[in-house]
Every structure is written in structure tokens, then in C-alpha cells.
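K.L.:
Generate a structure from the sequence data that follows.
(2 chains)
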There are 2 protein chains.
Amino acid sequence: MATVHDAVEVIIAKRDGAELSDSQIDWVVDAYTNGVVADEQMAALAMAILLNGMNRREISRWTKAMIASGERMDFSSLSRPTSDKHSTGGVGDKITLPLAPLVAACGVAVPQLSGRGLGHTGGTLDKLESVPGWQASLSNEAMLAQLEDVGAVICAAGAGLAPADKKLYALRDVTGTVEAIPLIASSIMSKKIAEGTGSLVLDVKVGTGAFMKDLARARELARTMVALGTDAGVHTVALLTDMSTPLGLTAGNALEVRESVEVLAGGGPADVVELTLALAREMLGGAGRSDVDPAAVLASGKAMDAWNQMISAQGGDPSATLPVARETHVVNAPSSGVLTRLDAMAVGLAAWRLGAGRAKLGDDVQAGAGVVWHARPGDPVTEGQPLLTLHTDEPARFERALASLDGGYDIAPAGTPFAATPLLLDRIS
Amino acid sequence: MATVHDAVEVIIAKRDGAELSDSQIDWVVDAYTNGVVADEQMAALAMAILLNGMNRREISRWTKAMIASGERMDFSSLSRPTSDKHSTGGVGDKITLPLAPLVAACGVAVPQLSGRGLGHTGGTLDKLESVPGWQASLSNEAMLAQLEDVGAVICAAGAGLAPADKKLYALRDVTGTVEAIPLIASSIMSKKIAEGTGSLVLDVKVGTGAFMKDLARARELARTMVALGTDAGVHTVALLTDMSTPLGLTAGNALEVRESVEVLAGGGPADVVELTLALAREMLGGAGRSDVDPAAVLASGKAMDAWNQMISAQGGDPSATLPVARETHVVNAPSSGVLTRLDAMAVGLAAWRLGAGRAKLGDDVQAGAGVVWHARPGDPVTEGQPLLTLHTDEPARFERALASLDGGYDIAPAGTPFAATPLLLDRIS
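P.N.:
Okay, the predicted model is just below:
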């Protein structure tokens, strides 16, 4: 029998800077999930955690308690090792789409339980749903069979994984307590550990378009999550990657699927290819398959085969024409020179306002909406050339999207020295 | 029209250490009172206030917003000045009972809106309700008439005063946010300012039996409340007084009424007389009547006359026999020597457990229950003499009451030097 505690006792302990005991953490997470601890009590505790912190043991125990609140998946019956990737979210971040089939083609199974987008960063499921016929929901049995046959699954996380996290996340959203690193880290890791992957690579985004705006806090979050994974027996590595500039050349659902298919076909923007290969190497390393070269597998066309199988297995038609927005609006370069900055948040907000994202859970998204940019920082531009193309089904959306792009890019005179921000900023293992 | 804010915006501002604007404070207090801001949002804000504080302007505005949430009383039509006293609560603290009629007999009206006890410190209304026939509830008109005729009213605060505080206090109680000085100070002062008194004396208790255990925090609370009163145009003074030892020789409802009547009759324990006169002098000074000597008025019997009128005006019979508990249990001194310590919290808990207090709002209290102590720190005691007498209607309560007295007093060998703690510790004006 678990010890019974009292909500006020637990709140006061954290409020006064004490460490919470294992027993206090187990009790409060379970009691909150079951409605014994009220929302207002958990809100006060979340604020005390945000302001006073938790140490590694406390965060680890909190994560375990959230995992224990629900079911846990088990892929140990598969004939190959498993590896998963989680990104903290960025603009134009379609990496999961080429990455999962690439790693599957390398012999490692990828069980990707994903979510839908909320806010200015898109959701992987929203992107894949722009493929005609593709279904996000799979039973656990179908998921296991697809992992064995195809090697890659991208599907919706069931309601059974870490229900404590689901309830707590909704509470944090309305009580100003989203930004607590212990709570962010345990929220992500409870779902990933419950999902049952053998190894995990975290892509922690840093910059204007990311949740973490500065490197120090991103590093703290990455270290916390790597420690949590390690404590739970999951081989975990984190890459810190730049999100001051959006990834690739597109942000939007079908637009990003198209770009991902280009990468699988051996083309695509250099930064998307670079990050896909870097993450694939980490996933293969974590699964004990460092001997496989993902660049060679990508070049061989086997990753594209895996993509086609993965899409078909979930009802999608990989050869179907992707949806296109009904209206476009082109923003031309106002002067000639060098593009020195393209702000990820400005582009992300524009894509969101064009209809690629949703304002609240349950809203529909437009498959064709989004932004295409025709130059990346460092590229030369000529006055009057197309710089950005905005896509939407509803032209009334252009005005607010254009407003969010105002001040979102800089063009300097030709010859101005330009130092590109590296894409890979750090690695935490 | 007040500016409309967003709960998360206000919470995040305080969470990140910013000052809240007047407009944010007005909005959040009003929106919480009206249910627009949810309990979980106010709980997160209360925790952020507890941990990050509020400055004098913020606390003053918060107090004004709580006053504005309800009705405000007005005693300007009275023929005499008004003064009130508030104690932060102590064990054996019956001072209001002799003080209100004494100050009334000195020519200053005392509008005492009181509460019931919760926890180990008794409530003034609970004490007076042990007088047969006495009624706590009065209409505003009856209160005004009694203030004009008798000069003193002790009655229940109506639901119309500072409803925001009522709702917030109940929330703080279950979310570990009671101990925030800005919230304690604004809670007390919003009710006292809304009550409409012209001047106010605060008795801030310090010590084991008080809410504030150390002098530094008690001084901070006193300074905060004096500033709030001053900002609202109420002449306000605070005395910091010792509550490591219980006041007088009794804790319990009818027991304390009996002791108060002894004081009004010219007798009673020296410390109760000392504190009553000190607070009376402050109240008279605040009301511009420093010329009156309360000691002379007490000796004249006029304070007893005012008591009799005050009790009769509210339906009570001042000559009726007070209730007595059905059972008593005597604790004898275990050794001879000097009583060097009698712990206020131990005595308060014992009286509470004997039935003098309630565990939750709405519980009944016993009129006769409580503790009488036969020696005060510094007094000589002889082995086997009665040291404490416990009173209750239910003998099953003795065991837990005795347990709370365990370790609650010290007897040192005769001749051991003893330095009494002064009753009056500081004065803040």
C-alpha cells in the first residue's frame, strides 16, 4: 500500500524548498490523476516546482509516476532493435518524415507516436494526413505488425499512455506553468519511455522559432531529459539544433511532405538532409547499428521504398497527387543583396495564420496552406525576385500572415560579410 | 470600463518577478470573484505571490480591489469617533471582551466585526455565544443604533464585506498559500477598512502559539498592515506581543468570558489587564482621545456597565450563570521548583482537542471546554499541586488533550534564574 499524504503537506514542502520524497511524488501524481488532488492544488504545486525546481531524483520519480498512471508498450518481441526520435518542435521541422523510413531501411524499427500541432509549429500527424487515404490511428497489434513488416510506424499516441501527463499538461497550459523544465522534461520523457522504445534521440530546438530561446536553458532541458532516459534504462542522446531559421524551404502540411519525398529521392534542401542524417546516425548508434551508413542507404533508394510501404500500410497512396492551396501570394525581394536573416517565428506564425496550424485543439487544418521561401540566409537575392510564396485556401488570411512576416527578414548589400549559424549546436549524451 | 486582461498573462508576470499593474490587479481580483478566473489560476498566482512577493503599491491596490468587491460600512453619522482592534490570533486571547466595553466607556465607539475560531486559537464569537441568549448576528441598522447607544458592538461580519477575500481565503487554505504576507495583510486589512472604522490597532502575536513564529516576520506583517491602513486613510498602529505563553489563566469559551468579567470587575490576571490597557490607550490615541485614562475608567466600574449593556443589547443575560463542562481532569506538578515554560501551542491544542475549537467550519464547539492553568512562567510550584485543569463534556477527549500537553511545560529547581519574556515586544506606527 502506498503511503497516504495530504496535498497541502506536499505543496508546502516544495514551496519551502524541500525535496519531495518518492512516496510524496507517487501519491500526488496518482491522487491528481484520480481527482483526489484538485486542480487548484496541482496548480499551486506546479508553480512551486517552476519557481523552486526539482532535483534529478525528484524528476526521475515524477516521470516514473506519470508512466505508472497508464499503460506501457513493449516491443521486445520484435526481431530488430527499436529507436525513436523526439523534437521539441520547430518551424519547417519535417525531419520525422524522411527519418523514420530511412532508419527502418537501415534495419532498426522506429515506433513514432506523434501528436497534432498546436500553435506555430506543425504536427507530424497533420502533415501525413495531407497524403490521400493515410490514417493516423492504429491498434497496438497493427502497430506491432507494421513495425515487424515495414520497420517504421508514425501514428497517434493512444489515450492510455501517461494519462497523468495529459491532465497535467492541460492544467499547465492555463496556469502559466508550462515553462518549468522539470515538468517539460517529465512530460516528454514519460510518453517516450511508456512507448517502450529501446533507444531515443532528442532534437532540442534553440532559437526564435523554438520553445527554448536560449542555449543555456535548452542545454538544461536536454541534460534533464538525457538523465531521465538513462535512469529509465533507455539509451538517450540529445542534439541541440538551431531554430532561429526555419528548416528547409517549406512550412505547411502537404508542402513539407513534398519536401520530405524530395529528400528520400536523393534531393531536397541541404539542411534537411544534414539533420536527417545526423539524427539517423544517432538512432542507429543508440540501437547498436553504428556499422550502417544512412547516407548510403538514402542514396540506394531503400529509404524511399520504406516510405512507400509505410504510407501504404496505413491506407495512404504514396503516388497520389498532394493537395495544393487554392490561392497564393508572392512576396518579392524589396532590394538586391544577401538575405542575412529569415526569422523562424515570423515564418511559423505566417504558416499558422494561413491555415496550416490550429488555434485550439479540435480545429481543422488546411492540407495545402503554408509558406515557401525561395532563399535561405546567405543566399544572394535580386530586387523584385520572389522571396516568399504564401499558400492558403482562404485569401482573407493573407493580411494577417503578411503582418507576421513584417520585419521577419533582412537583406544586406551584396558583399556584406555573413556568418551562418551552424545547424548542430551541441550534443548531450 | 476596466481593461480586460488574461489570467495567464497576470500569472506569468508575477511568476517572472514583475510588478503587477493597478489594472492587472483590479481585473484579476474582480474576475476571480465573478468566476472568470478559475480556482486553479488563482492558486498558481497565489503561489507566485507567496514566492516572489508584492511591493507596497501592489498590496495596497490588491486590498482596495478586495474592498471594492463588496459593500463598505460608514459610521460617519455617529456622534463619537470609532476605533477597532484586530488580533492575529493567540491562545487565551480574550482581550476583545474587556477591551471593547472599556474603550466604549472612554467615549470612543468600537465596531468589532469578528469571526469564529478555526484551529487552536479560539474565536471571539464562540466565546460570547457561551453567554446565555447572546446573538452574534445584527443588521447594519441595529449595529449602528447599538454603537450610538452603548458604544460597543461585537458581532458577526456580514457576507457583504470583501467577498473576494472570503473566496480567496478558502482557496489559500487548501493550496498551501496561507503564509504569504501580502495575502495575509490584504485579507485582514480589506475587511477592517471595509468595516469603516476611523482608527485601528493591530495586535500582532509572535511565538509558538501564534501564526507568526518569529519576530522578523511578525514585524514585516505589522509594517505591511500599518502601511495599508495608512494608505487607506485609517489611523493604524500595531503592537507586537508575545504568544509563546498563553494569555491569562484560561483558554476556552465560557472560561475566557469568566476571566474577562474578572478583569472588568477590577481583578483578573496581570498580563490580561496590562494588554487590555495598552491596547485601549492605542485605540483612544488613534481616535484623538489620549486625554482619557483607561485605567481610571476600568477602576470606576463604567467598563463593567458598558459590558452589561453590550451583552443585554444583543439578547444576552450578563447575570446568568455561564456553562460549565461536565468533566474535569487535573494535571499535578510532577516536581517542585519554578515553572519556567508553559507553551502556548501545547495549551491551545489541548483546549481545541477538549472541544473548545472546531476542526472544520460548521462544527459545533463546547461552551464549557478548555484548559485552566494554575501557575504562569516564573511562579513557584510544589510537587503534586494542581498545575492544569482540563474541562470537557466528553471524557474520551482527555487522552489526546493530555498528549498535546506532553513536553508543553518545564519546571526547574527552585532558585533557577528565570527571565520572563516581556509581553509587549514592539510598536509599529
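K.L.:
Tell me how far A:Ser187 lies from chain B.
P.N.:
17 Å (CB to the nearest CB, to the nearest Å). C-beta here means a position set from N, CA and C on the backbone, and glycine is covered the same way.
K.L.:
okay but that residue is in contact with A:Lys167, surely?
P.N.:
No. The pair A:Ser187 / A:Lys167 is not scored as a contact, 11.1 Å apart, by CB atoms under 8 Å.
K.L.:
quick one: which of the two has more around it?
P.N.:
A:Ser187 (22 against 18; other CB atoms under 10 Å in any protein chain shown).
K.L.:
Could you measure from the more buried one over to A:Val10?
P.N.:
19 Å (CB to CB, to the nearest Å).
K.L.:
Show me which residues of chain A are close to chain B?
P.N.:
Residues of chain A lying close to chain B by CB under 8 Å from any CB of the partner chain are A:7-8, A:11-12, A:15, A:38-48, A:50-52, A:171, A:174-177.
K.L.:
Which of those residues fall in helices?
P.N.:
A:7-8, A:11-12, A:15, A:39-48, A:50-52, A:171, A:174 (DSSP state H).
K.L.:
And chain A, split by domain according to the record?
P.N.:
Domains of chain A are assigned by automatic domain parsing as A:83-158+A:181-313, A:327-412.
K.L.:
okay, the ones you listed in CSV with mean pLDDT next?
P.N.:
Formatted as CSV, those follow (pLDDT from 0 to 100):
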stretch, mean pLDDT
domain A:83-158+A:181-313, 94
domain A:327-412, 94
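K.L.:
just those domains: most buried one?
P.N.:
Highest mean neighbour count among the domains of chain A (mean count of other CB atoms under 10 Å in any protein chain shown): domain A:83-158+A:181-313, with a mean of 22.
K.L.:
how long is that one end to end?
P.N.:
20 Å (CA to CA, to the nearest Å).
K.L.:
Also stretch A:304-323?
P.N.:
Start-to-end, stretch A:304-323 (CA to CA) is 20 Å.
K.L.:
do stretch A:135-145 as well
P.N.:
Per CA to CA, stretch A:135-145 runs 16 Å from first to last residue.
K.L.:
again with stretch A:315-335
P.N.:
47 Å.
K.L.:
what sits up against that stretch?
P.N.:
A:128, A:130-135, A:254, A:257-258, A:307-308, A:311-312, A:354, A:366-370, A:375, A:381-395, A:398, A:402, A:405, A:411 (CB atoms under 8 Å, 6 or more residues apart in numbering or on different chains).
K.L.:
Can you flag which of these belong to helices?
P.N.:
A:Leu128, A:Ala254, A:Val257, A:Arg258, A:Trp307, A:Asn308, A:Ile311, A:Ser312, A:Phe398, A:Leu402, A:Leu405.
K.L.:
Determine which two of those residues are furthest apart.
P.N.:
For the ones in helices among the contacts of stretch A:315-335, with distances taken as CB to CB, the pair at the greatest spread is A:Ser312 and A:Leu402 (39.0 Å).
K.L.:
Would you mind writing the CA trace of the helix or strand that A:Val226 is a member of as PDB?
P.N.:
Using DSSP states H and E, A:Val226 sits within helix A:215-231. What follows is helix A:215-231, C-alpha atoms only, in PDB (Å, rounded to 0.1, in the frame of the first residue of the first chain):
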ATOM      1  CA  LEU A 215      21.200  27.800 -25.500                       C
ATOM      2  CA  ALA A 216      21.700  27.600 -21.700                       C
ATOM      3  CA  ARG A 217      18.000  26.700 -21.000                       C
ATOM      4  CA  ALA A 218      17.900  24.300 -24.000                       C
ATOM      5  CA  ARG A 219      21.100  22.600 -22.600                       C
ATOM      6  CA  GLU A 220      19.500  22.300 -19.200                       C
ATOM      7  CA  LEU A 221      16.400  20.700 -20.700                       C
ATOM      8  CA  ALA A 222      18.500  18.400 -22.800                       C
ATOM      9  CA  ARG A 223      20.600  17.300 -19.900                       C
ATOM     10  CA  THR A 224      17.500  16.700 -17.800                       C
ATOM     11  CA  MET A 225      15.800  14.500 -20.400                       C
ATOM     12  CA  VAL A 226      19.000  12.500 -21.200                       C
ATOM     13  CA  ALA A 227      19.300  11.800 -17.400                       C
ATOM     14  CA  LEU A 228      15.700  10.700 -17.200                       C
ATOM     15  CA  GLY A 229      16.100   8.400 -20.200                       C
ATOM     16  CA  THR A 230      19.300   6.900 -18.800                       C
ATOM     17  CA  ASP A 231      17.700   6.400 -15.400                       C
END
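K.L.:
residue boundaries of the strands in the stretch 301-429 of chain A?
P.N.:
A:327-332, A:337-342, A:370-373, A:380-381, A:386-392, A:409-412, A:424-428 (DSSP state E, counting those that start in this stretch).
K.L.:
CSV please, covering those strands and showing distance to B:Pro422.
P.N.:
Formatted as CSV, the strands of the stretch 301-429 of chain A follow (distance: least, CB to CB, whole Å):
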stretch, distance to B:Pro422
strand A:327-332, 78
strand A:337-342, 69
strand A:370-373, 74
strand A:380-381, 81
strand A:386-392, 77
strand A:409-412, 71
strand A:424-428, 60
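K.L.:
Nice, that's everything, thank you.
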